[in-house]
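Novice: turn this into a model:
(one chain, ligands or ions: 1)
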Amino acid sequence: MSGFKVAVVGATGNVGREMLAILAERRFPVSELVALASTHSIGREVSFGDKTLKCKALDHYNFSSTDICLMSAGGAVSKEWSPRIGAQGVLVIDNSSAWRMDPDVPLVVPEVNAEAARGFSKKYIVANPNCSTAQLVVALKPLHDHAKIKRVVVSTYQSVSGAGREAMDELFSQTRAVFVSDPVEPKKFPKRIAFNLIPQIDDFMDDGSTKEEWKMVAETKKILDPKIKLTATCVRVPVFISHSEAVNVEFENPISADEAREILREAPGCLVIDRREPGGYITPHEAAGEDATYISRIRDDPTIDNGLNFWCVSDNLRKGAALNAVQIAEVIVNRGWLKPKRAAA
Ligand SMILES: NC(=O)c1ccc[n+]([C@@H]2O[C@H](COP(=O)([O-])OP(=O)(O)OC[C@H]3O[C@@H](n4cnc5c(N)ncnc54)[C@H](OP(=O)(O)O)[C@@H]3O)[C@@H](O)[C@H]2O)c1
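Specialist: Here you go, the predicted model:
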């Protein structure tokens, strides 16, 4: 049977389950799929298309005959395991932040810099960007090609699924607790998330920004253009799935809202929903389960030369994580940069 032997590490998690669904939906050429998680999940069942797979433990797994490993088990696991797996000639596509800024690891969003994925052969690792960066660069790239971006000011409204399964459970249980007048206890988040907003995602840095904000700056530069200046404020909101972003862009060259709308309509990965009437825009609820990066509310910013505002929404578990990882694998496989080990044997 032709195809690639694929392992999904973190198969029981939010992103891992979505990876299994997307590999099946997009008919990725899989000859065998192995679901891996921690030792607690040995034997736990996960779905892959119409099949049910039993999870194995990462710790006990031999990768020598595996071709591709989609890694989604957090930074600590990735730091330890990705180089060991990559050293066996297995293409590792990692979802954590562990390798994103390593100069020998490409950081890839296929609509923006697919060609960079070729560099996987240095360490056999490719990094997937942070979820809030992925959707932003999909929208910025076609505008940058047209009018050259000078500076971006972005405010994010990020769903709880971006913080993993336990964070989704916390929003659910706190919401219930509010309704039945039980005490509301923050565990995963630093403050109550139900019926609230939290202006902190990830740890604080010395300059007062958070790591999530820093990631948006550094990753946009690495993927799109190191000359782009970007400043971000990242906020967690009580939404289960999909991140939203209010984006202000200053360009070097003139670009009108109408031109931007036409450019984005043609751009890969983007879907423009922009009618100037009640409901003529996309909300996170509508983007959940979808692949596109939705763009709405495109308008001129009259306070600066060559300025635009827009609203950008995407499913953080799909384009922000699992879909982007599978698209990277597709680029590498479709361009013939990786062959199945079994075929070579
Ligand atoms: N959620 C997003 O929007 C998003 C976006 C971009 C990147 N990411 C990144 O993707 C990764 C996973 O996120 P998530 O939201 O899917 O988290 P999650 O729902 O909490 O799932 C974590 C997964 O990792 C597994 N795991 C934990 N420790 C392990 C170990 N020692 N060995 C093997 N497997 C282990 C868990 O297995 P058990 O069930 O056995 O514990 C589970 O399958 C993180 O690095 C995150 O930063 C997430």
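Novice: any idea how far the most centrally placed residue in the chain is from the ligand?
Specialist: In the chain, the C-alpha nearest the mean C-alpha coordinate belongs to residue 320, at 2.0 Å (C-alpha atoms, centre = their mean). The spacing between residue 320 and the ligand, counted by C-beta to the nearest ligand atom, to the nearest Å, is 5 Å. Heads up, the C-betas are built off the backbone N, CA and C, glycines and all.
Novice: go on, residue 232?
Specialist: Residue 232 sits 16 Å away from the ligand, going by C-beta to the nearest ligand atom.
Novice: show the contacting residues for that residue.
Specialist: Shown in contact with residue 232 (C-beta atoms under 8 Å, 6 or more residues apart in numbering): 132, 153-156, 209, 212-213, 216-217.
Novice: does the residue nearest to the centre of the chain touch residue 244 like I think?
Specialist: No. Assessed by C-beta atoms under 8 Å, residue 320 is found out of contact with residue 244, at 11.7 Å.
Novice: how many neighbours does whichever residue of the stretch 101-250 of the chain sits closest to the ligand have?
Specialist: Closest residue of the stretch 101-250 of the chain to the ligand, C-beta to the nearest ligand atom: residue 164 (2.9 Å). Residues near residue 164, counting by other C-beta atoms under 10 Å, number 16.
Novice: wait, it touches residue 12, no?
Specialist: No. Residue 164 lies out of contact with residue 12 (C-beta under 8 Å); the separation is 11.1 Å.
Novice: can you list the residues of the stretch 151-300 of the chain near the ligand?
Specialist: Counting by C-beta under 6 Å from any ligand atom, the residues of the stretch 151-300 of the chain close to the ligand are 161-162, 164-165.
Novice: so which two of the residues you listed are the farthest from each other?
Specialist: Based on C-beta to C-beta, the longest span within those runs between 162 and 165 and measures 11.4 Å.
Novice: which one's more surrounded, these two?
Specialist: Neighbours per residue, other C-beta under 10 Å: of residue 162 and residue 165, the larger number sits with residue 162, 26 against 16.
Novice: pLDDT value on that one, please?
Specialist: Model confidence at residue 162, expressed as pLDDT, equals 96.
Novice: residue 1 too?
Specialist: 50.
Novice: same question for residue 343.
Specialist: 72.
Novice: burial check on it, number of neighbours?
Specialist: With other C-beta under 10 Å as criterion, residue 343 counts 11.
Novice: can I get the strand or helix carrying it in CSV, CA atoms only?
Specialist: Following DSSP states H and E, one finds residue 343 within helix 341-344. Once non-C-alpha atoms are left out, helix 341-344 reads as follows in CSV (Å, rounded to 0.1, in the frame of the first residue of the first chain):
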residue,chain,number,x,y,z
LYS,A,341,10.6,4.9,4.0
ARG,A,342,8.8,1.8,2.9
ALA,A,343,9.0,2.8,-0.8
ALA,A,344,12.7,3.5,-0.4
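Novice: quick check: phi and psi at residue 275.
Specialist: Main-chain dihedrals, residue 275, degrees, to the nearest 10: phi -110, psi 140.
Novice: how about it: what's its closest non-neighbour residue?
Specialist: residue 281 (7.6 Å; C-beta to C-beta, 6 or more residues apart in numbering).
Novice: three-state assignment of the one you found?
Specialist: Assigned with DSSP: H, G, I helix; E, B strand; the rest coil, residue 281 falls in the coil class.
Novice: ok, now which ones touch it?
Specialist: By C-beta under 8 Å, 6+ apart, the contact list for residue 281 reads 273-275, 296-297, 311.
Novice: nearest to residue 102, of the residues you listed?
Specialist: Distances from residue 102 to the contacts of residue 281, taken by C-beta to C-beta, are shortest for residue 311, at 32.8 Å.
Novice: nearest residue to the closest one in space, please, no chain neighbours.
Specialist: residue 297 (4.0 Å).
Novice: wait, doesn't the one you found sit right on residue 309?
Specialist: Yes. Between residue 297 and residue 309 there is a contact under C-beta under 8 Å: 6.9 Å.
Novice: give me the neighbour count for residue 279.
Specialist: By the criterion of other C-beta under 10 Å, residue 279 has 8 neighbours.
Novice: let me fix that, I meant to ask about residue 60.
Specialist: 9.
Novice: OK, contacts around it?
Specialist: Residues in contact with residue 60, defined by C-beta under 8 Å, 6+ apart, are residue 39.
Novice: state the pLDDT value of it.
Specialist: For residue 60, pLDDT reads 90.
Novice: all helices for this structure, in order.
Specialist: 14-25, 75-86, 110-113, 131-147, 165-179, 211-223, 257-266, 284-287, 323-334, 341-344 (DSSP state H).
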